[in-house]
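Chemist: Sequence and predicted structure are below.
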Amino acid sequence: MKKQVCSQCGGEEWIKKLRVVDRGEDNARYDLALEMEMNPQAILFKERVNAPLHADVCAGCGLVLFQVSPVSLQMLKAGKQLTEERESADAKSGDFRNHPRYQEFLAEDAAYKFMEGSEVMLAFAQWLARKER
């Protein structure tokens, strides 16, 4: 595995995978996350994809690097791809379920119908990627 070298001090010792938290109302703790709105024009159903952040800190100088998990990164990439395809297809409602190939995707496996929003979005993006190869 490639060694992580600090871009500021050249150090190689890191404190890894720290949770990044915020405190909300009544001192409640919340993990900070990146959020992508797949349908930002919508008033209610914006189809959000969340990617919780974690941080690595250089033990030499304190430089902080924020990262998302590989699964979260996949979901963000899938969201980006579907958003771009939706915009290029100029779908009326902006929902990924209006993609021209969405019904074909559902027809291949009925189990997709029972998945939740971000799960089905990720499965659909992966299915599209396989079909385009």
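Modeler: Nice, I can see it. In this text the structure is predicted, and so the values were computed from the model without any measurement. Numbers count the residues shown, from 1 in each chain.
Chemist: where does the residue lying closest to residue 60 once chain neighbours are set aside fall, helix, sheet strand or coil?
Modeler: Nearest residue to residue 60, sequence neighbours excluded (CB to CB, 6 or more residues apart in numbering): residue 11, at 3.1 Å. Using the backbone N, CA and C atoms, a C-beta is placed for each residue, glycine as well. Using DSSP: H, G, I helix; E, B strand; the rest coil, the structure places residue 11 in coil.
Chemist: So for residue 11, what's the pLDDT?
Modeler: According to the prediction, residue 11 has pLDDT 95.
Chemist: can you tell me which residues contact it?
Modeler: Residue 11 makes contacts with 5, 58-61, as judged by CB atoms under 8 Å, 6 or more residues apart in numbering.
Chemist: Neighbours of residue 47, how many?
Modeler: For residue 47, the tally of surrounding residues (other CB atoms under 10 Å) stands at 21.
Chemist: From residue 58, how far off is it?
Modeler: Using CB to CB, to the nearest Å, residue 47 is found at 36 Å from residue 58.
Chemist: Direction included, what does the lengthiest strand in the chain pair up with?
Modeler: When the chain is parsed with DSSP state E, its longest strand is strand 48-58. Sheet pairing here is set by DSSP bridges, and for strand 48-58 it gives strand 14-19 (antiparallel), strand 33-37 (antiparallel), strand 64-68 (antiparallel).
Chemist: quick one: low-confidence parts of this structure?
Modeler: 1, 41-43, 86-95, 133 (pLDDT under 70).
Chemist: ranges for the helices of it?
Modeler: For the chain, the helices defined by DSSP state H occupy 70-89, 102-108, 117-132.
Chemist: would you turn these into TSV with distance to residue 17?
Modeler: Shown next, in TSV, are the helices of the chain (distance: least, CB to CB, whole Å):
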stretch	distance to residue 17
helix 70-89	13
helix 102-108	34
helix 117-132	22
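Chemist: would you turn these into a markdown table with distance to residue 18 and mean neighbour count?
Modeler: Shown next, in a markdown table, are the helices of the chain (distance: least, CB to CB, whole Å; neighbours: other CB atoms under 10 Å):
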| stretch | distance to residue 18 | mean neighbour count |
| --- | --- | --- |
| helix 70-89 | 16 | 16 |
| helix 102-108 | 38 | 13 |
| helix 117-132 | 24 | 16 |
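Chemist: Thank you, goodbye.
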